[in-house]
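*Asks:* how would this look folded up:
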Amino acid sequence: ALGLARILEDRKVESQVLGNIGLIYRSLGELPKALEYHQQALAIDREIGYRQGEAANLGNIGLIYRNLGELPKALDAWARALAFPQLPPGTRKLIEERLEETRRELGEPAFSEWARDFLRPLAIEERLRQARHAEKVGNFREAIRLYEDAIDRAREFPEHQAETLSRFGTALRQAGELLRAADVLGKAFLALPALASREQKAAICLEQARVARILDGFEDAMLHYFDAYRFFKQAGDELGMALVDDELGILELTLQMIPDAIREMEEAREIYLRLGQETRASIIERALRDAHNISAEETVADVHRKG
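*Replies:* Residues are numbered from 1 along each chain as shown. Model (predicted):
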């Protein structure tokens, strides 16, 4: 079912299947594995704006953390879940009961400390949510305002700075403020925590490449693309690798670096097809035909020159 959802590119179904796999692992007592699947489902829910799924997965993540004995993390997940009106009444009642049990177990001083630490970064997350919504509807000026507010709030929370700056840089690019975007993205990369994931590093490098490409800084763009590809490869993220190959190939085609462009785009097409990304594969196929046509014309021209 998971493979079929990915082939059909149905992100909502993919999230639901991942969540169900998480439930199965939890019933088997394999809590770390269950947590992994629910977190994957949660990421998709947030990406596509599937609030009911987000609420359900947060509730399940809280139960897993509770069983693992990580009570503050359980409280974090449950508090976020309870904020959604889409949460089914039965699930809401269960979470409220578990939250109260955990509150008693922690004791009032520890619970009050959790509440204080939870609410402050929550305001940052709410600003980021509002900013992403503004981006989706094309209101980039409002998105920039919200990101600036989030950055001010994130100064006391280093773990939030890199993501906030990265999203801000993307919004600036979309608004056409390219020089400012390049500066903010550079700060985002420097703000990454020591244990930042390779996916986080790759995402910022990819965005830096896009900004540099639009600014005609082709050499910088290519260096950022190379870095993004390296991080995606280290993370085992094939789709990320394909996206880099795709964009880098188009850039190399523009720069008349035809053999390089063909190599990048062929790899992108191969990965897209392997992952069931048929639409992306067909788009890159058209660009590949253009590259092969140019290559053939250059070969003919070389023959004529030598003749």
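
*Asks:* Excluding sequence neighbours, find me the nearest residue to Gly62.
*Replies:* Nearest residue to Gly62 in three dimensions, chain neighbours excluded: Ala77, at 3.6 Å (Cβ to Cβ, 6 or more residues apart in numbering). All C-beta atoms are positioned from the backbone trio N, CA, C, and that covers glycine.

*Asks:* What is the strand or helix carrying that neighbour packed up against?
*Replies:* Using DSSP states H and E, Ala77 maps to helix 71-82. With contacts taken as 3 or more Cβ pairs under 8 Å, 6 or more residues apart in numbering; DSSP states H and E, helix 71-82 sits against helix 51-68, helix 89-106, helix 108-136.

*Asks:* any idea how far the second one is from the chain center?
*Replies:* Averaging C-alpha positions (Cα atoms, centre = their mean, to the nearest Å) puts helix 89-106 30 Å from its chain's average.

*Asks:* Model confidence at Glu298, what's the number?
*Replies:* What the model reports as pLDDT for Glu298 is 63.

*Asks:* Actually, Gln200.
*Replies:* Looking at Gln200, its pLDDT is 88.

*Asks:* what's the helix or strand for it?
*Replies:* Assigning secondary structure by DSSP H and E places Gln200 in helix 198-214.

*Asks:* go on, Arg269?
*Replies:* Arg269 belongs to helix 258-274 when assigned by DSSP H and E.

*Asks:* next one: Leu35
*Replies:* Element membership for Leu35, per DSSP H and E: helix 31-48.

*Asks:* repeat for Leu288
*Replies:* Per DSSP H and E: helix 278-306 holds Leu288.

*Asks:* you'd agree Arg210 is up against Asp246?
*Replies:* No - assessed by Cβ atoms under 8 Å, Arg210 is found out of contact with Asp246, at 11.9 Å.

*Asks:* Quick one: list the elements packing against the helix holding Arg269.
*Replies:* helix 238-254, helix 278-306.

*Asks:* which of the ones you listed is buried the deepest?
*Replies:* helix 238-254 (a mean of 21; mean count of other Cβ atoms under 10 Å).

*Asks:* can I get the CA coordinates of that one in CSV?
*Replies:* What follows is helix 238-254, C-alpha atoms only, in CSV (Å, rounded to 0.1, in the frame of the first residue of the first chain):
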residue,chain,number,x,y,z
GLU,A,238,17.3,9.7,-3.5
LEU,A,239,14.6,12.1,-4.3
GLY,A,240,16.8,15.0,-3.0
MET,A,241,19.6,13.7,-5.2
ALA,A,242,17.3,13.6,-8.2
LEU,A,243,16.1,17.2,-7.6
VAL,A,244,19.7,18.4,-7.5
ASP,A,245,20.6,16.5,-10.6
ASP,A,246,17.5,17.9,-12.3
GLU,A,247,18.2,21.6,-11.5
LEU,A,248,22.0,21.2,-12.0
GLY,A,249,21.4,19.6,-15.4
ILE,A,250,19.2,22.4,-16.6
LEU,A,251,21.8,25.0,-15.4
GLU,A,252,24.5,23.1,-17.3
LEU,A,253,22.3,22.9,-20.4
THR,A,254,21.9,26.7,-20.2
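
*Asks:* the inter-axis angle of that helix versus helix 198-214?
*Replies:* Calculated by axes from the mean of the first three to the mean of the last three Cα atoms, to 10 degrees, helix 238-254 forms an angle of 20 degrees with helix 198-214.

*Asks:* Could you list every helix and strand in contact with helix 238-254?
*Replies:* In terms of contacts (3+ Cβ pairs under 8 Å, 6+ apart), helix 238-254 is packed against helix 198-214, helix 218-235, helix 258-274, helix 278-306.
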